[in-house]
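Enquirer: 3D, please:
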Amino acid sequence: MEFTPIEGYGVIGNLETCPLVSEEGSIDWCCFPHIESSSVFAALLDDDGGGHFSIQPAGEYTSEQSYVTRTNVLRTTFETDSGTMVVTDFMPVVDGMELGHTVSAIYRKVTCVEGSVEFELEFDPRFDYDRVGTTVETTSEGVLGRGNGEQCYLWGEASFETTEGTIEYATASDTLDTDETDWFVLQYNDREPIDAADCAGLLRETIDFWQEWTHQCLDESGCAFAGPYHDYVVRSELVLRLLMNPQTHAIAAAPTTSLPEEIGGIRNWDYRYAWIRDVSYTIQALHELGHEREARNGFDWSLTMCHKDDPGEIGHPLYGLHYEPEMVEVELDHLSGYRGSQPVRVGNAAGDQEQLDTYGELVTAIYTATDYGAEIFEGDWEVLKEMIEYVSGVWEQKDNGIWEVRSEPSHIVHSKVLCWAALDRGIEIAEEGGFDAPLERWRGDRETIREVVLEEGYDDDLDCFTQTFAGETVDAAALRLGSVGFLPFDDDRLQATIDAVMEHLMTDDGLVYRYEGDDGLPGEEGAFVLCSFWLVECLARSDRVEEAREVFEGVMEYISPLGLFAEEVDPETGEHLGNFPQAFSHIGLVNAVLYLNEATAD
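Expert: Residues are numbered from 1 along each chain as shown. Here you go, the predicted structure:
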């Protein structure tokens, strides 16, 4: 096998896990039963030893992928000399299922729509990131794979054969004529009887679920996202829903681990966790899309994080999707890594970092939700107050900041501003709710932070806010000073910072790097997609609408054929880099379109 470009994958899911399907019809990444579980297929990270489940024509072909309109049901269309074949991939999600236990099964429908096509199937599971032995054996109706105390059962309308030896896997083949269909169903830790008619019914129900869930705008009149980018917003909301856990309401940053920020480099991280800083942006995006229940779920998750730990421990910037605070980072040396990018990591040591901006993000998320009708009760306020008190006592400390640098902690400007935001939002919540709080002291602390940031966080020579106090590094995170209300968008210093980001960090076509300078790691990285969307927001809200639109359109030239974004893009090659699809990128896209449309309407 050869590695498929990151942007050459589609994602499906059942609200619990998110397999990736390549444009060649191969499931190269799948963790069961949850996103953060160990992998069953990981060819994405080792094209020889990771495991996969492929269905493709036996001979030469060309292929392309598309989604059933407004769904996470994926179609891969194969064109051959003899005919056309479509593989439809989905995981069942039906009405009401998102509130309870979802079905851990992947359904694959293979249909010849024209002519005649011979296809081949290869089923090669490797449990626990291929760290344990896997056995594969045929049964009367399918194949059973076992390992690590787990099992996957593949049922299908074709005859299977298994290999013998060190690596065991199963194969099958069949020839379909026009309008003929074969079904294949992969069940995790289950072995229910399957009927093709039931498969077709589940497909219809799953399509109905997604189409009914996506925001409704009929002829798009009055839709906040109306216009040429509307379909990209729909795809983004579908991605975000796939990443939101239905029980805990945590949102995963991405469904993958260790996709590299530099091909061949070591910047390979596990993103299958919930970052607190994602929540505020997510709540706004979901509300504007009309998903009030999901926005409220984000609010509930934020409050849960407040109640969960002591104030000094809430600073964990990320959590497991089921609230786990511990996430030991381990390197899997036996996997080659995507295109030789090692190490492959599971777990994320950034969970133990001090990132002071986390407090501001958490309080801001809760405050944002109250704008949309969420209610804070006295018990919630007591925990919030304790957290804000903690911020007032630690904001002067150094930290690792939003970019989770692995160099020594610094006085990071963005972190100080988000500490200001924690106090600012806390004051607003207390005043509006009539809650008891030391408001006079908090106002004093808020003003002190503001004065210190304006004095030490702005470099007159660079004429912009910098990454650290007394620093000389331009940092795209400074674009958020306007978004959180630290300065109005028409402030000369903020406008100069926008210009500095465009001069120092932006490529000619609108891609934006995170920052300049050393971050404690060797190598480089691509342009960070979210930073481009932050820039679009800042320009749009600064009445620089044409510049905003130009940046946005430049970035959108790099979106995948399916409307998906990874974390980063290589400006030289256009390749996607980092974990995929990335929640932050799609949250940024939704909000960028919102601000562009608002600015145009004004």
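
Enquirer: I'd like to know how many residues surround the nearest residue to Val94 once chain neighbours are set aside.
Expert: Once flanking residues are discounted, Val94 sits nearest to Glu205: 4.2 Å by C-beta to C-beta, 6 or more residues apart in numbering. Where C-beta positions appear, they are placed from N, C-alpha and C, glycine not excepted. A count of nearby residues for Glu205, using other C-beta atoms under 10 Å, gives 14.

Enquirer: go on, the one 3 residues further on?
Expert: With neighbours defined by other C-beta under 10 Å, the count for Asp208 comes to 14.

Enquirer: so where's this structure shaky on pLDDT?
Expert: Where the chain drops to pLDDT under 70, the residues are 1, 95-102, 165-166, 218-221, 308-315, 324-326, 602.

Enquirer: if I look at the residue nearest to Val94, how far off is Pro92?
Expert: Between Glu205 and Pro92 the distance is 7 Å, computed by C-beta to C-beta, to the nearest Å.

Enquirer: Confirm that the residue nearest to Val94 sits in a strand.
Expert: No. Assignment of Glu205 by DSSP: H, G, I helix; E, B strand; the rest coil gives helix, placing it outside any strand.

Enquirer: what's the spacing between it and Val239?
Expert: 21 Å.

Enquirer: Next: Thr88.
Expert: For Thr88, the distance to Val239 equals 19 Å [C-beta to C-beta].

Enquirer: Show me which of the two is the more surrounded one.
Expert: Each of Thr88 and Val239 has its neighbours counted (other C-beta under 10 Å); Val239 has more, 27 against 19.

Enquirer: helices or strands next to the helix or strand the more buried one falls within in the packing?
Expert: Assessed by DSSP states H and E, Val239 sits inside helix 230-243. The elements that helix 230-243 packs onto, with contact taken as 3 or more C-beta pairs under 8 Å, 6 or more residues apart in numbering; DSSP states H and E, are helix 277-288, helix 583-601.

Enquirer: can I get the CA coordinates of the shortest one in CSV?
Expert: Yep, that's helix 277-288 we're talking about. Output of helix 277-288 as CSV, limited to C-alpha atoms (Å, rounded to 0.1, in the frame of the first residue of the first chain):
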residue,chain,number,x,y,z
ARG,A,277,-10.7,26.3,24.7
ASP,A,278,-12.7,24.8,21.8
VAL,A,279,-15.9,25.1,23.7
SER,A,280,-16.6,28.9,23.5
TYR,A,281,-16.3,29.0,19.8
THR,A,282,-18.3,25.8,19.4
ILE,A,283,-21.2,27.1,21.5
GLN,A,284,-21.4,30.2,19.4
ALA,A,285,-21.3,28.2,16.1
LEU,A,286,-23.9,25.7,17.2
HIS,A,287,-26.2,28.4,18.4
GLU,A,288,-26.0,30.4,15.2
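
Enquirer: So what touches it?
Expert: Contact with helix 277-288 is made by 224-225, 237, 240, 251, 253, 292, 294-295, 298-299, 301-302, 317, 357-358, 361-362, 364-365, 368-369, 372, 402, 583-584, 587-588, 590-591, 594, as judged by C-beta atoms under 8 Å, 6 or more residues apart in numbering.

Enquirer: Would you show me how to pick out the buried ones of those in PyMOL?
Expert: In PyMOL syntax, the buried subset of the contacts of helix 277-288 is picked out as below (16 or more other C-beta atoms under 10 Å):
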select buried, resi 224+225+237+240+251+253+294+295+298+299+301+302+317+357+358+361+362+364+365+368+369+402+583+584+587+588+590+591+594
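
Enquirer: Please enumerate the helices of the stretch 501-602 of the chain.
Expert: Secondary structure of the stretch 501-602 of the chain, counting by DSSP state H, counting those that start in this stretch: helices at 529-541, 545-556, 583-601.

Enquirer: Quick one: those helices as CSV, columns for distance to Gln151 too.
Expert: As requested, these are exported to CSV (distance: least, C-beta to C-beta, whole Å):
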stretch, distance to Gln151
helix 529-541, 38
helix 545-556, 43
helix 583-601, 31
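
Enquirer: Can you say which of these is nearest to Thr76?
Expert: With C-beta to C-beta, the closest approach to Thr76 among the helices of the stretch 501-602 of the chain belongs to helix 583-601: 21.7 Å.

Enquirer: hang on, Phe184 in a strand?
Expert: Yes. Per three-state DSSP, Phe184 lies within a strand segment.

Enquirer: tilt between whichever strand or helix holds Ala295 and helix 277-288?
Expert: Ala295 belongs to helix 292-308 when assigned by DSSP H and E. Helix 292-308 runs at 150 degrees relative to helix 277-288, counting by axes from the mean of the first three to the mean of the last three C-alpha atoms, to 10 degrees.

Enquirer: CA-only coordinates of helix 292-308 in PDB, if you can.
Expert: Output in PDB follows, covering the C-alpha atoms of helix 292-308 (Å, rounded to 0.1, in the frame of the first residue of the first chain):
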ATOM      1  CA  GLU A 292     -29.800  24.900  20.700                       C
ATOM      2  CA  ARG A 293     -29.700  21.500  22.400                       C
ATOM      3  CA  GLU A 294     -26.000  20.900  21.300                       C
ATOM      4  CA  ALA A 295     -25.100  24.500  22.400                       C
ATOM      5  CA  ARG A 296     -26.600  23.800  25.800                       C
ATOM      6  CA  ASN A 297     -24.700  20.600  26.000                       C
ATOM      7  CA  GLY A 298     -21.500  22.500  25.500                       C
ATOM      8  CA  PHE A 299     -22.600  24.800  28.400                       C
ATOM      9  CA  ASP A 300     -23.300  21.700  30.600                       C
ATOM     10  CA  TRP A 301     -19.900  20.200  29.800                       C
ATOM     11  CA  SER A 302     -18.200  23.500  30.700                       C
ATOM     12  CA  LEU A 303     -20.100  23.600  34.100                       C
ATOM     13  CA  THR A 304     -19.100  19.900  34.600                       C
ATOM     14  CA  MET A 305     -15.500  20.900  34.200                       C
ATOM     15  CA  CYS A 306     -15.900  23.600  36.800                       C
ATOM     16  CA  HIS A 307     -17.400  21.200  39.300                       C
ATOM     17  CA  LYS A 308     -15.000  18.400  38.600                       C
END
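
Enquirer: list the buried ones in the helix holding Val239?
Expert: Neighbour-count burial for helix 230-243 [16+ other C-beta under 10 Å]: 230, 232-243.

Enquirer: For Thr4, state which of those is nearest.
Expert: Nearest to Thr4 among these: Val239, at 18.6 Å, using C-beta to C-beta.

Enquirer: ok, which stretches of the stretch 351-500 of the chain are helices?
Expert: Under DSSP H, counting those that start in this stretch, the stretch 351-500 of the chain gives helices at 357-371, 378-394, 413-433, 439-456, 480-483, 492-504.

Enquirer: okay, now the domains of this structure?
Expert: For the chain, the structural domains run 6-213, 220-243+467-602, 277-285+293-317+353-456, going by automatic domain parsing.
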